[in-house]
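[1] structure for the following, please:
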Amino acid sequence: MSYSFEYIDIILLAMIAGFIFLRLRGILGRRTGFEGKAPPNFEKILKDVKTDSKVTLKEDFNDNAKKDFLNGAKIAYETIITDFSDNDNKLTSSKPLLSKKIYDQFNNALKERINRGHIAEITFIGINSAKIKEHSKTNNLLNVTVDFVGEVITCIRDKDKKIVSGNPEKIKKIYDTWVFSRDIRSANPNWQLVNTLN
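    Below you'll find the predicted structure:
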């Protein structure tokens with residue numbers, strides 16, 4: 001009698017094992033086709049194709065690319081102007097958006113402002129227009145020049161909070177021409193401000 005129960009246990013275990021095997025095969029799939037390592041020349045060709053396609057996409061400054069660029073340029077414009085007016089006199093949020101040359105120029109201007117004991121109050125109202133004036137490619141660098149027309153409220157006060165220049169109650173139009181640049185070889189999609197022409 002006990003032998004029959006053992007046979008039944010073995011049969012049940014075999015059925016369970018078979019069920020598990022079928023389920024695993026259904027989930028993981030079966031090995032089919034060529035799954036070995038690709039020949040070295042194939043990997044090289046694939047790598048070259050990916051590199052070429054990336055460069056082509058980055059160099060293609062079509063209407064959609066221009067639209068995306070201008071959206072980013074507007075955000076950068078507001079970020080840089082607002083950052084320059086902060087009371088701590090430090091460039092923080094805009095630093096990644098500035099080339100070393102421009103960062104040093106802005107930083108020196110802030111140091112001079114500190115030495116004079118002045119505080120800048122700049123309220124950014126908005127951008128009236130942002131238009132691409134020109135764009136060019138030199139070696140691996142894309143350069144785009146943008147004309148901005150913005151509105152701000154500016155006021156410079158001395159250490160006694162007396163107004164040195166500007167008007168805290170008047171909106172002023174500002175006209176800026178900025179040059180942005182990026183290296184098409186870089187994986188970093190961000191542009192940097194490299195020159196101010198106004």
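[2] stretch 189-198: which residues count as buried?
    For stretch 189-198, a neighbour-count test (16 or more other CB atoms under 10 Å) marks 191-194 as buried. (Glycine included, C-beta is placed from N, CA and C.)
[3] should've said stretch 149-160
    Judged by neighbour count using 16+ other CB under 10 Å, the buried positions of stretch 149-160 are 150, 152-157.
[4] and for stretch 72-82?
    Buried residues in stretch 72-82, counting neighbours by 16+ other CB under 10 Å, are found at 73-74, 76-78, 80-81.
[5] list the buried ones in the strand ranked longest in the chain?
    Longest strand of the chain, by residue count under DSSP state E: strand 119-138. Judged by neighbour count (16+ other CB under 10 Å), strand 119-138 contains these buried residues: 119-120, 122, 124, 127, 130, 135.
[6] could you dump the residues you listed into CSV and include distance to Arg182?
    What follows is those, written out as CSV (distance: CB to CB, whole Å):
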residue, distance to Arg182
Ile119, 34
Ala120, 29
Ile122, 27
Phe124, 24
Ile127, 21
Ala130, 17
His135, 11
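[7] farthest-separated two in the residues you listed?
    Maximum pairwise distance in these, criterion CB to CB, is 37.4 Å, between Ile119 and His135.
[8] what's the farthest-apart pair in the buried residues of stretch 189-198?
    Farthest pair in those, by CB to CB: Trp191 and Val194, 8.9 Å.
[9] spit out the residues that contact those two alike.
    Between them, Trp191 and Val194 have 180-181 as joint contacts when contacts are counted by CB atoms under 8 Å, 6 or more residues apart in numbering.
[10] hmm, back to that, go through the buried residues of stretch 189-198 and name the one nearest Ser181.
    Distance from Ser181 was checked for each of the buried residues of stretch 189-198 by CB to CB. The minimum falls on Val194, at 4.4 Å.
[11] pretty sure that closest one contacts Ser99?
    Yes: counting by CB atoms under 8 Å, Val194 touches Ser99, with 4.5 Å between them.
[12] what is in contact with these two at once?
    Shared contacts of Val194 and Ser99, defined by CB under 8 Å, 6+ apart, comprise Ser181.
[13] next one, pLDDT for Leu141 please.
    Reading off the per-residue confidence, Leu141 sits at a pLDDT of 88.
[14] would you format the buried residues of strand 119-138 as JSON lines with distance to Lys161 and pLDDT included?
    Output for these, formatted as JSON lines (distance: CB to CB, whole Å; pLDDT from 0 to 100):
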{"residue": "Ile119", "distance to Lys161": "8", "pLDDT": "84"}
{"residue": "Ala120", "distance to Lys161": "13", "pLDDT": "84"}
{"residue": "Ile122", "distance to Lys161": "16", "pLDDT": "85"}
{"residue": "Phe124", "distance to Lys161": "21", "pLDDT": "90"}
{"residue": "Ile127", "distance to Lys161": "29", "pLDDT": "95"}
{"residue": "Ala130", "distance to Lys161": "34", "pLDDT": "95"}
{"residue": "His135", "distance to Lys161": "44", "pLDDT": "89"}
